[in-house]
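In: quick one: sequence and predicted model below, then my questions.
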Amino acid sequence: MASGGVRMSSSGRRRRSRGHAALTEINVTPLVDVMLVLLIIFMVSAPLLTVAVPVDLPKTDAGAVDEQTAPLTVTIRRDGSVFLQEDAVALDELAPRLLARSGPGSKKPVFVRADGAAAYAIVAQVMAKLSSNGFSNINLVTDTTAEPAKSVLRRP
């Protein structure tokens with residue numbers, strides 16, 4: 001018999017004797033490494049998946065809305081230009097193109113992202129155009145991460 005409780009079999013391989021138990025531990029270090037790499041990849045790629053039209057959203061203290069489906073987004077820039085998802089669109093073409101994307105009889109919510117400095121008239125026109133074409137689930141998107149803006153109403 002060899003020293004250390006290991007016997008040699010006839011095939012030349014070593015076998016453990018009955019005195020030693022098999023190693024039953026799982027090495028989790030590779031699993032943790034892979035999970036950290038995936039976490040970093042998702043943290044880097046998640047901001048790239050948002051709508052790419054930059055606007056300064058107005059600040060409010062309302063909570064965020066949980067949404068499970070891909071939203072239909074209408075964006076209004078400071079200069080009054082209107083975008084459907086990431087494509088520039090004229091106000092007259094907005095409803096037909098939105099209907100084409102949402103499908104007939106769709107009850108999908110429409111998110112309106114308007115720059116805080118955009119004229120109220122263009123925002124009202126866009127919302128009226130959406131409402132008159134059968135979109136009843138219209139949501140205004142605001143920035144909830146910062147402190148709410150002070151009221152700009154002036155009393156005489």
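Out: Happy to help now that I have it.
In: where do the strands of the chain begin and end?
Out: Here the chain has its strands, by DSSP state E, at 6-8, 14-16, 72-76, 82-84, 87-89, 110-114, 138-140.
In: from what I see, residue 122 and residue 80 are in contact.
Out: Yes - the criterion here is Cβ atoms under 8 Å, and residue 122 meets it with residue 80 at 4.7 Å. The C-beta positions use only the backbone N, C-alpha and C, and glycine is treated the same way.
In: quick one on the thing from earlier: and of the strands of the chain, who's closest to residue 101?
Out: Comparison of the strands of the chain against residue 101 by Cβ to Cβ identifies strand 72-76 as nearest, at 6.3 Å.
In: and the closest one, average pLDDT?
Out: For strand 72-76, the per-residue pLDDT values average out at 88.
In: given that strand, what are its sheet partners and their directions?
Out: Each strand that strand 72-76 pairs with, and the sense of that pairing, follows from DSSP bridges: strand 82-84 (antiparallel), strand 110-114 (parallel).
In: can I get those strands in CSV with mean neighbour count, distance to residue 133 and mean pLDDT?
Out: Putting those into CSV (neighbours: other Cβ atoms under 10 Å; distance: least, Cβ to Cβ, whole Å; pLDDT from 0 to 100) gives the following:
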stretch, mean neighbour count, distance to residue 133, mean pLDDT
strand 82-84, 21, 13, 89
strand 110-114, 20, 10, 87
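In: in TSV: those strands, plus distance to residue 30.
Out: Putting those into TSV (distance: least, Cβ to Cβ, whole Å) gives the following:
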stretch	distance to residue 30
strand 82-84	45
strand 110-114	41
